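no sequence for this one, just the structure:
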């Protein structure tokens, strides 16, 4: 190919593009969860930091956000339940006071 000929962008493949498209280096969601909980050390932790921070993998970032949202939602029902029980018990006590 001559220097004055341009490469068709649809044919431009890079190793990074192929790996990203095929998600070859993406860790399993269980490993991402362990990473978020601080349960990984050594090479596994280093790889996940590189994969998320340096590679900026959009797929794994989406999984991480989903895991964080799920963890937050799991903590929420406890507070909702406590609030509901407090409201019910307060209502019961207020009705008793009127009788």
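Happy to help now that I have it. If you're wondering where the values come from, they're calculated on a predicted model, not measured in any experiment. Numbers count the residues shown, from 1 in each chain.

My guess is residue 44 contacts residue 31. True?
Yes. The pair residue 44 and residue 31 qualifies as a contact (CB atoms under 8 Å) at a distance of 7.0 Å. All C-beta atoms are positioned from the backbone trio N, CA, C, and that covers glycine.

tell me the secondary structure for the residue nearest to the spatial centre of the chain?
The centroid of the chain falls nearest to residue 64 when counting by CA atoms, centre = their mean (1.3 Å). Per DSSP: H, G, I helix; E, B strand; the rest coil, the secondary structure class of residue 64 is helix.

which ones are touching it?
Contact criterion CB atoms under 8 Å, 6 or more residues apart in numbering gives 32, 36, 52 as the residues in contact with residue 64.

Can you tell me which of those is closest to residue 80?
Closest approach to residue 80 among those (CB to CB): residue 36, at 23.1 Å.

Pull the number of nearby residues for the closest one.
Counted with other CB atoms under 10 Å, the burial measure for residue 36 works out to 14 neighbours.

pLDDT value on it, please?
Here, the pLDDT recorded for residue 36 equals 92.

same deal with residue 50?
At residue 50 the predicted local distance difference test score is 91.

how far away is it from residue 66?
Note on residue 50: its distance to residue 66, by CB to CB, to the nearest Å, is 21 Å.

swap in residue 93?
41 Å.

now residue 23
If you measure residue 23 against residue 66 using CB to CB, the figure is 15 Å.

and if you look at residue 96?
The spacing between residue 96 and residue 66, counted by CB to CB, is 46 Å.

Between those two, tell me which one has more neighbours.
When residue 96 is set against residue 66 and neighbours are counted by other CB under 10 Å, the residue ahead is residue 66, at 12 against 8.

contacting residues around that one?
Under the criterion of CB under 8 Å, 6+ apart, the contact list for residue 66 is empty.

Hmm, residue 52 is touching residue 58, no?
No. Using CB under 8 Å, residue 52 and residue 58 do not qualify as a contacting pair, with a distance of 10.5 Å.

more crowded one of those two?
Neighbours of residue 52 and residue 58, each counted by other CB under 10 Å, are more numerous for residue 52; the result is 17 against 9.
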